[in-house]
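Colleague: below is the sequence, then the predicted model.
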Amino acid sequence: MTDNAEKIPVVEVENLVTHYGDRMILKGVSLKIYQGEIIVIMGGSGSGKSTLLRHLLGLHKPTSGCIRLLGKDITKLNNQEMYEIRRHMGVAFQGGALFGSMTVGENVMLPLREHTDLDEQTMQIMTRLKLEVVNLAGFENLMPSELSGGMIKRAALARAVVMDPKLLFFDEPSAGLDPVAAVELDELILKLRSALKMSMVVVTHELDSAFKIADRITVLDQGDILMTDTVENVRNSDNQRIQSLLNRMPRDDAVDTDEYLRRLTGYN
Amino acid sequence: MAEPSNITPTSQLRKRIEQLGLVVVRGIEEIGYMFRLLYEALEWVVLGRQRQQPVRVSSVFSETMQIGIQAVPIIAILCFSIGVMLAIQGIETLKTFGAEAQVVLGIALSVTREFSPLIVSILVAGRSGSAIAARIGTMLESQEIDALRVIGINPVRYLVAPIMLAMLISLPCLVILGDVVGLLGGAVYTKIDLNLPLSVYFDRTFEILVVDDVMQGLIKSVVFALIISLVGLANGFQVQGGAEGVGRATTRSVVMSISLIVIADMVFTYFLNR
């Protein structure tokens, strides 16, 4: 996929710096994602991958740097322009984030209701179509609380793609799923890409799933991007941190004795 | 390096003052946040259609159903009891002057000006204010608010504005209901105790009551409606720390809105009766 003749970037991140309070989370991240590819953002807990995702979704304002989605810098857009961009992006959250007060069908239909003027019948057909794609046909009248974890993730995916977005973001698809359900979800992601030709950004720390679906992998560590490359190259990387992430080894940072004592005693 | 022995009375005092400052700043911040919510909600109500993202009438209806209609039975029971209670106390007190018949005046004024708006608001704060905080807090924790935003639905337009409108519609209506049922409670007890016919009781009541008395209660109820919805919403949107955080926000919103209602009531009564 990465060898596509015309590489049109759909997401461009340049020198993104973000803070949480006084703490710097992302320290100048740059990243390009091309049309039609699946990029996996990988990293341990606290690496900043969730923060990067939230900024890509336009949920926070960065300290500095720019984020271009489909050619538009979302850090500078006004509400109306942002609203237009949002029609072209879909997001499946980690816990599904289905609205508990609505049925599965109403959840999936919500973006259509808000962004289009289609009549009820058409919207229902489109909803069922998307539920069919994620193997949830016939579940549209259930409430989210009546679904299993895997079904919730698939329903969330159906809601994310109901507008046929150009860009799909997926947060931790396999987190909290049993191995079979996780593999099924990976298959579904690949199927969706080939059927709907969308670009996808998947955030995960599951190695198996990352290797299976990714065209390219970006490895994030303590707010920096260690490398962005094909699955093969990431696997063969001789970077210590990447290898310890891939081989599930604990980090063995050199211990600074003075610093350690200072931390314990609380004296600065 | 700061040694532990350096903690002197002055440094402790400085710490206290610092903490006081922080509390004040946070308080002002919260008030500012509430007024911003109010402003944005009004903005969406007025400009929503123009932006092609109207505040949906159907969600205002369903909120009104929950906040208003479903509270009718309990409010009827409470206000009836208040009316009876006022009648008992009034007749008992007025007996000492031999002026029992004047109880009608006492009930009419205190129900419409004071008790009905107060009881109704406290009940709605406990019933709906807490529910609002819990609902918004849970939605925030489960990323439903984020989901709304990425779909392109402004949470203020979708959640805040309908709740606020529903509260502003429901509370005055409930207060009118409270007025009627409260007066009825008084009438029933007066009939039993003094054998005063209901028709005479209501004739007198309407002779005494002027529009101003009922208006006083209604003006108050609008202010209370704003207090309940803004406090509930602001607490909900500030939830942090999972289920425990939601619980804390719920409790805080009830205590805060009831306290604010009682204090605001005092201030209003003072100014409206001058």
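Modeller: Yep, that arrived. Numbers count the residues shown, from 1 in each chain, chains lettered A, B, ... in the order given.

Colleague: show me which residues of the stretch 51-200 of chain B sit near chain A.
Modeller: Residues of the stretch 51-200 of chain B lying near chain A by C-beta under 8 Å from any C-beta of the partner chain: B:51, B:53, B:138-139, B:142-144, B:146-147, B:149-154. Yep, even glycine has a C-beta here, placed from its N, CA and C like the rest.

Colleague: among those residues, name the buried ones.
Modeller: Buried residues within those, defined by neighbour count using 16 or more other C-beta atoms under 10 Å in any protein chain shown: B:53, B:138-139, B:142-144, B:146-147, B:149-154.

Colleague: circling back: now, which of the residues of the stretch 51-200 of chain B next to chain A lie within strands?
Modeller: Nothing among those maps onto strands, per DSSP state E.

Colleague: so which of those residues is the closest to residue A:115?
Modeller: residue B:152 (6.6 Å; C-beta to C-beta).

Colleague: so residue A:202 sits in a strand?
Modeller: Yes: Residue A:202 forms part of a strand when assessed by DSSP: H, G, I helix; E, B strand; the rest coil.

Colleague: hmm, it is touching residue A:189, no?
Modeller: Yes: using C-beta atoms under 8 Å, residue A:202 makes contact with residue A:189 at a distance of 7.0 Å.

Colleague: okay, now the spatially closest residue to residue A:40 that is not a sequence neighbour: neighbour count?
Modeller: The shortest distance from residue A:40 to any non-neighbouring residue, by C-beta to C-beta, 6 or more residues apart in numbering or on different chains, is to residue A:214 (4.0 Å). The local packing of residue A:214 (other C-beta atoms under 10 Å in any protein chain shown) involves 22 other residues.

Colleague: and residue A:214, what does it touch?
Modeller: A:38-40, A:202, A:231 (C-beta atoms under 8 Å, 6 or more residues apart in numbering or on different chains).

Colleague: how about those residues, which pair is most distant?
Modeller: Across these (C-beta to C-beta), the longest gap, 12.8 Å, separates A:202 and A:231.

Colleague: what segments of chain A are strands?
Modeller: A:9-20, A:23-34, A:38-42, A:64-69, A:72-73, A:89-92, A:167-171, A:199-204, A:216-221, A:224-230.

Colleague: dump stretch A:193-208 to CSV, keeping only the CA atoms.
Modeller: Once non-C-alpha atoms are left out, stretch A:193-208 reads as follows in CSV (Å, rounded to 0.1, in the frame of the first residue of the first chain):
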residue,chain,number,x,y,z
ARG,A,193,-10.7,-0.6,4.1
SER,A,194,-11.0,-2.6,0.9
ALA,A,195,-14.7,-2.0,0.7
LEU,A,196,-14.9,1.7,1.5
LYS,A,197,-11.4,2.8,0.5
MET,A,198,-10.9,4.9,3.6
SER,A,199,-7.7,5.9,5.4
MET,A,200,-7.4,4.6,8.9
VAL,A,201,-5.6,5.6,12.0
VAL,A,202,-5.6,2.9,14.6
VAL,A,203,-4.2,3.4,18.1
THR,A,204,-3.3,0.2,19.8
HIS,A,205,-0.7,-1.6,22.0
GLU,A,206,-1.7,-5.0,20.8
LEU,A,207,1.2,-6.3,18.8
ASP,A,208,-0.5,-9.1,16.9
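
Colleague: now the closest residue in space to residue B:157 that isn't next to it in sequence: how far from residue B:54?
Modeller: Take residue B:157 and drop its neighbours on the chain: the residue closest to it by C-beta to C-beta, 6+ apart is residue B:44, 4.2 Å away. To residue B:54, residue B:44 is 8 Å away according to C-beta to C-beta, to the nearest Å.

Colleague: helix or strand right after the lengthiest helix in chain B?
Modeller: When chain B is parsed with DSSP state H, its longest helix is helix B:9-47. Using DSSP states H and E, the helix or strand that follows helix B:9-47 in sequence is helix B:57-67.

Colleague: need the contact partners of that next one.
Modeller: The contact list for helix B:57-67, computed with C-beta under 8 Å, 6+ apart, reads B:124, B:128, B:131, B:158, B:162-163, B:165-167, B:169-170.

Colleague: I'd like the residues you listed laid out as TSV, including distance to residue B:12 and secondary structure.
Modeller: Below are those laid out as TSV (distance: C-beta to C-beta, whole Å; DSSP: H, G, I helix; E, B strand; the rest coil):
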residue	distance to residue B:12	secondary structure
B:124	44	helix
B:128	44	helix
B:131	42	helix
B:158	48	helix
B:162	49	helix
B:163	44	helix
B:165	49	helix
B:166	49	helix
B:167	45	helix
B:169	52	helix
B:170	49	helix
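
Colleague: redo these as a markdown table? Include pLDDT.
Modeller: Rendered in a markdown table, the data for the contacts of helix B:57-67 read as follows (pLDDT from 0 to 100):
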| residue | pLDDT |
| --- | --- |
| B:124 | 96 |
| B:128 | 95 |
| B:131 | 95 |
| B:158 | 93 |
| B:162 | 96 |
| B:163 | 96 |
| B:165 | 96 |
| B:166 | 96 |
| B:167 | 96 |
| B:169 | 96 |
| B:170 | 96 |
